[in-house]
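Trainee: here is my input; please provide its structure:
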Amino acid sequence: MNKVVSLLFWLFVCALPYCKAQTNAIVNDYSINVNCSSLTQADVQIKKTITILNKKGEKHAVFSCTCSRNNKLSSFKGTVTDANGKVLKRMKQNDLQRSEYSPYLAIDDYLLIFDYDPPTYPVTINYEWSIECRDNLIEFPAFCPIVDYDVEVEKASYRLYAPKEVKIRYAMQNINAAIEEMNNDNGQTGYQLQIENQKPLPQEPYARPLRERIPIAYFAPTLFKYFGTTGCLANWQEYGLWVYELGKNRQQLSEEVKAALHRECDGLANQRAKIQKVYERLGNTTRYVAVLLGIGGMQPAQASDVAKRGYGDCKGLTNYMRAMLEEVGVPSFFTTISTENTRLLTNFASVGQMNHAILQVPDGQDTLWIECTNPQIPLGYVHHGIAGHDAIVISEYGGKLCKLPRHPDEDNLLNSNIKIRLDANGGADITFTQEAFALQYENRRPLLTMDSKKRLQVLSSIMHAPQANARNINIEEVRNGNRSSIKIDVQANSQKYANITAQRMFIPLCPIHGNYNAPRIDSNRSEDLFFETGHVDEDQIEIEIPDGYVIESRPKDLILDKVYGIFTCKTSVEGNKLTVTNRLLLKSGHFNKELLKDYIDFRKNVSSAYGQNLIIRKATNTINS
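Mentor: Below you'll find the model as predicted:
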């Protein structure tokens, strides 16, 4: 998996600083010229002139180019000038550093880098380079002049020439310009695109991801030759036929593995039990290591090789799982997906839109989606990186576009039950129980493998109790597919939970959600509000006050009902116990940008409710409650 959900994401989700739009860099001129001479050969010339205005834009001064034995950098030069046009530095190809670092076990690619640190601002940098592409033209370089927030584009262009027999397809996102088609004297067909005066994209809280906002154009041949294979990208079905052929006859298993599978599975009562047993075997005998060799890193390793070596990448592990299931009579389907792009372009099939492989297993009325790179998660759990994403299911009939299930907002539940028993000195015995489901389960799951010191630090950030000392901590995982959960039980003592002033004691009502806040806002917002996921937090808090005290003041009940969320807070008293019930539902979806101020006020009100105090005082002849 390329994507990991942060354990503490729920604590500060959406609590991001908001900065007014500014320009950190200006792309003065950016051009890509592609000359495709055949289905196996193309030369690419790229020129980029960019002015770096301040320290925040310095990362755009860096040059980097991914190369391989099939993508060779054939030329490079660069020039840096100051605001007066004085040349500060000239760069040549020998100045580039080759990065040998890779998180993968084996990879054909390498990175050429020039890491330039501007001595002053503004500076203007011009880079010009050429790349020779051979035997890997499954798609052409994309046109993407904006790759970050706060970058302005004055002019950018793309030009592609190819022989008439090489049919070109293209698709555009966030570009209000037409692609012009033309012919040249060499009998080639040309495709040209130009944009001008693109304003910077501001970084705004609660906005769509940058990748969905930037202007980008994709180009690819309909028929292609790729590392000795041939295929068609006219549609997703044709794409699937090519992927199916790449994986054909790569499910062979050794007789030893076959025998082990039958010993473990033949006596099981049903198909789900067999799938579970094979999944456990995958987790016990393999680990994830990316191996980007072979047919451009696209062909899965032989199942027998993965079994023998004990490792594989997403393709290899998925293919191995598929082979084992096939051996015990369970059909399944190799599936390609993106952990970054939620939606695929329906009418533009391409390899570059996806970066991952999983397995689809039809199971009666249900369908299992199996993440083979992390078989430590429960069987069939659809994690954040793929939940709700488009995918292409591969079979002998080709590729079929489908959508994985997403976790409904109310399934992403965090249920907290807290009992606080106060003493007359403001100290408290605390019993804390919390159960997290779906995406909130996913956020809590790293607690299972943390050492005790780190675990205690995380729990302290979840439960805010001054001078607290945890006596017992128990963390348990309940595995049940998408309804799996993490249950946390903590027994703790806080020496100073409440503040004492004269005859009164001020007691925090809610020892969790302490980081619930809201960003600063700006009225000049460009994007509607967007929340990729929603969730529910439910709290039941019981506070037992010490003998000799009575309740002087408790918060009033509160209901906030908005289109994007609902919050309720209720309190009740029985004897010497106050019970607080909170429920917060935040909804996923798109909402009008005019609601931003209202949403910020909603968050502030919820934060205030979480931060309220119960006030008690020493008993007198008159009792107020």
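Trainee: please count neighbours and contacts with C-alpha atoms only from this point.
Mentor: OK.
Trainee: in the stretch 251-400 of the chain, where is pLDDT below threshold?
Mentor: Scanning the stretch 251-400 of the chain for pLDDT under 70 picks out the ranges 291-294, 296.
Trainee: now do the strands in it.
Mentor: 287-288, 291-292, 311-312, 333-337, 356-363, 366-370, 390-395, 398-403 (DSSP state E, counting those that start in this stretch).
Trainee: report all helices and strands that the first one contacts.
Mentor: The reference is to strand 287-288. strand 311-312 (3 or more Cα pairs under 8 Å, 6 or more residues apart in numbering; DSSP states H and E).
Trainee: residues in contact with the strand it packs on: which ones?
Mentor: 286-291, 301, 306, 317 (Cα atoms under 8 Å, 6 or more residues apart in numbering).
Trainee: of those residues, which is the most crowded?
Mentor: Highest neighbour count within the contacts of strand 311-312: Leu317, with 31 neighbours (other Cα atoms under 10 Å).
Trainee: chain neighbours aside, what residue packs nearest to that residue?
Mentor: Of all residues not flanking Leu317 in the chain, Cys372 sits nearest, at 5.9 Å (Cα to Cα, 6 or more residues apart in numbering).
Trainee: that neighbour contacts Asn319, doesn't it?
Mentor: No - between Cys372 and Asn319 there is no contact under Cα atoms under 8 Å: 9.1 Å.
Trainee: next secondary structure after the helix or strand bottoming out on mean pLDDT in the chain?
Mentor: For the chain, the helix or strand with the lowest mean confidence is helix 9-12, at a mean of 31 (criterion: mean pLDDT, DSSP states H and E). Later in the chain than helix 9-12, the nearest helix or strand by DSSP states H and E is strand 25-38.
Trainee: just checking: what are the partner strands of that next one?
Mentor: Strand 25-38 has its sheet partners listed here by DSSP bridges as strand 41-52 (antiparallel), strand 151-163 (parallel).
Trainee: and the shortest one, average pLDDT?
Mentor: To tie it back to what came earlier, the one meant is strand 41-52. In this model, strand 41-52 carries a mean pLDDT of 97.
Trainee: next SSE downstream of that strand?
Mentor: Following strand 41-52 in sequence, per DSSP H and E, is strand 63-67.
Trainee: okay, buried residues for that following strand please.
Mentor: In terms of neighbour count (16 or more other Cα atoms under 10 Å), strand 63-67 has its buried residues at 65, 67.
Trainee: what does the following helix or strand past that strand rub up against?
Mentor: Note on strand 63-67: by DSSP H and E, the next helix or strand toward the C-terminus is strand 71-82. With contact meaning Cα under 8 Å, 6+ apart, strand 71-82 is reached by 67, 87-93, 120-134.
Trainee: how far is stretch 38-52 from where the chain is centred?
Mentor: Put simply, stretch 38-52 sits 29 Å off its chain's centre (Cα atoms, centre = their mean, to the nearest Å).
Trainee: check what pLDDT the residue nearest to Thr120 when sequence neighbours are not counted gets.
Mentor: Among residues not flanking Thr120 along the chain, Asp82 sits closest, at 7.8 Å (Cα to Cα, 6+ apart). According to the prediction, Asp82 has pLDDT 95.
Trainee: how close does Asp82 sit to Asp150?
Mentor: 21 Å (Cα to Cα, to the nearest Å).
Trainee: any low-confidence regions in this structure?
Mentor: 1-21, 100-108, 291-294, 296, 523, 621-625.
Trainee: picking that back up, counting neighbours, what do you get for the residue nearest to Thr120?
Mentor: Residues near Asp82, counting by other Cα under 10 Å: 19.
Trainee: and for Asp547?
Mentor: Count around Asp547 with other Cα under 10 Å applied: 12.
Trainee: got phi/psi on the closest residue to it other than its chain neighbours?
Mentor: Sequence neighbours aside, Ala424 is the residue nearest to Asp547 in space, at 7.6 Å (criterion: Cα to Cα, 6+ apart). Backbone torsions of Ala424, given as degrees, to the nearest 10, read phi -70, psi -10.
Trainee: I figured Ala424 was touching Val550, is that so?
Mentor: No - with contact defined as Cα under 8 Å, Ala424 does not reach Val550; the gap is 11.8 Å.
Trainee: neighbour count: the two, which is higher?
Mentor: Val550 (21 against 15).
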